[in-house]
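> Test case, fold it:
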Amino acid sequence: MIEWTHIVAFNLTLVASMLVPGPALLYALRQSIAGGFWMGAATGFGLATVATSWTLAALLGLEALFVAFPYAFVALKVIGALYLMWIAYGLWKNADTPLIPQTSRHRRAFVGGMLINLANPKSVLFSASVVVVIFPAGLTASDIAVILANNFAIEAGGYLCFAALLATPPARSGYLKLKPVFERVAATVLGLLGLRLLLSR
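A predicted model of the protein is given here:
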């Protein structure tokens, strides 16, 4: 049975991991500034949905499946790395293109957020290590439901805060002035992250 101390420890670890610069955070920040609050919120919900799914997979022992079938992990890693590099290519290519309002593409933003977190299979290994260390063995279905609901609330709430802070007129105006620079920096970081994921063991 889980206790409140387990949830607190999990939340602190989760918040710390969200603040570490990576594909999810970078993509969420870019979407919030470029597309506004609702675009950032939709992206954040997509990210949170898959992050919670990775936690469920970790609770159900998907890490053991990857250990038993390492080629499955390699295939997922390669696909994820290529997707990140494709996103990077698109950002770099369109860096000088004027920003087109995207208020009607919230569903696309949600799916984009999901794909970004699906593109990082190492997330499930991180989730698995956190779950093993923090939570006791023998979790009940209700315990798992509480963990997942808490996970989604923290992830979604965090990205909503990012969206609210970065979708302000001053942030958007500054982004538009330096769009080529920001987009190419984001493209470089995402491309390097994808390359690192592709070459890592």
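> Would you map the helices across this structure?
Ranges of helices in the chain, per DSSP state H, are 4-19, 23-35, 37-59, 62-68, 70-93, 106-118, 122-134, 141-166, 169-177, 179-199.
> where among the ones you listed is the average confidence lowest?
Of all the helices of the chain, mean pLDDT reaches its minimum on helix 62-68 (a mean of 67).
> Now the most centrally placed residue in the chain: closest residue in space that isn't a chain neighbour?
Central residue of the chain (C-alpha atoms, centre = their mean): residue 24, 3.2 Å from the mean position. Spatially, and ignoring its direct neighbours in sequence, residue 24 is nearest to residue 47 (5.1 Å; C-beta to C-beta, 6 or more residues apart in numbering). For glycine as for every other residue, the C-beta is placed from the backbone atoms N, C-alpha and C.
> what number of residues lie near the one you found?
Neighbour count for residue 47, taken as other C-beta atoms under 10 Å: 29.
> Okay, it and residue 2: tell me how far apart.
As judged by C-beta to C-beta, to the nearest Å, residue 47 and residue 2 stand 24 Å apart.
> Go ahead and confirm residue 158 touches residue 15.
Yes. In this structure, residue 158 is within contact of residue 15 by C-beta atoms under 8 Å, at 6.9 Å.
> More neighbours: these two, which one.
Remark: of residue 158 and residue 15, residue 158 carries more neighbours, 19 against 13, as counted by other C-beta under 10 Å.
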